[in-house]
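Enquirer: output the structure for:
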Amino acid sequence: MGKGDLLPITEIFAGLCTHKERARWLLSTPLDVILRDHRAISAICKRADFRLGSAYVSVELAALMAVRRGGDVPLWHRNMVATVRCVLRQEAGYPLASRYWLRRWKFW
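Expert: So this is what the prediction gives:
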């Protein structure tokens, strides 16, 4: 897959230099883009040796395509997505919880 074969949004992802930048891009990208371009995004992650990014794309894709009972994503998928997003937020340098939630739940 040459660089000219990518859509502009995935070209931006391909041009990122650090795992931190890639993690921020993945967290800010709409899920419909990940669903549409998951092959290109996974290939870019593998080429950059960004295993966490590949895992994130796989887990999000599995949750998006999961069979829903009663209209909700199965609990296992929700837990996996939450776990991978948490680790990805850490890689991106974001706080794991906002001060608002910490105060609300009396952890702050």
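
Enquirer: what's in contact with the strand or helix carrying residue 38?
Expert: For residue 38, the host element (DSSP states H and E) is helix 31-47. Helix 31-47 is contacted from outside by 1, 6-7, 9-10, 13-14, 22, 26, 50-51, 53-54, 57-58, 60-61, 64, using C-beta atoms under 8 Å, 6 or more residues apart in numbering. All C-beta spots, glycine's among them, are computed from the backbone N, C-alpha and C.

Enquirer: can you give me the buried ones in that helix?
Expert: Residues of helix 31-47 classed as buried by neighbour count (16 or more other C-beta atoms under 10 Å): 34, 37, 40-45.

Enquirer: how near is residue 94 to residue 50?
Expert: 17 Å (C-beta to C-beta, to the nearest Å).

Enquirer: equivalent analysis for residue 17, please.
Expert: Taking C-beta to C-beta, one finds residue 17 at 11 Å from residue 50.

Enquirer: how about low-confidence regions in this protein?
Expert: Along the chain, the model assigns pLDDT under 70 to residues 1-6, 97-108.

Enquirer: and the helices in it?
Expert: 8-14, 19-28, 31-47, 51-64, 75-92, 99-104 (DSSP state H).

Enquirer: and residue 95, what does it touch?
Expert: For residue 95, the contact set (C-beta under 8 Å, 6+ apart) comprises residue 89.

Enquirer: now it: phi and psi?
Expert: phi -70, psi 150 (degrees, to the nearest 10).

Enquirer: hmm, back to that, CA atoms of the helix holding residue 38 as CSV?
Expert: Extracted in CSV, the C-alpha atoms of helix 31-47 (Å, rounded to 0.1, in the frame of the first residue of the first chain):
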residue,chain,number,x,y,z
LEU,A,31,-15.4,5.4,15.1
ASP,A,32,-16.9,5.5,11.6
VAL,A,33,-13.5,6.4,10.2
ILE,A,34,-11.9,3.5,12.1
LEU,A,35,-14.6,1.2,10.8
ARG,A,36,-14.1,2.4,7.2
ASP,A,37,-10.3,2.5,7.2
HIS,A,38,-9.4,-0.2,9.7
ARG,A,39,-7.2,-2.1,7.3
ALA,A,40,-5.1,1.0,6.4
ILE,A,41,-4.9,2.1,10.0
SER,A,42,-3.8,-1.4,11.2
ALA,A,43,-1.2,-1.6,8.5
ILE,A,44,0.2,1.8,9.5
CYS,A,45,0.3,0.7,13.2
LYS,A,46,2.1,-2.5,12.3
ARG,A,47,4.6,-0.7,10.1
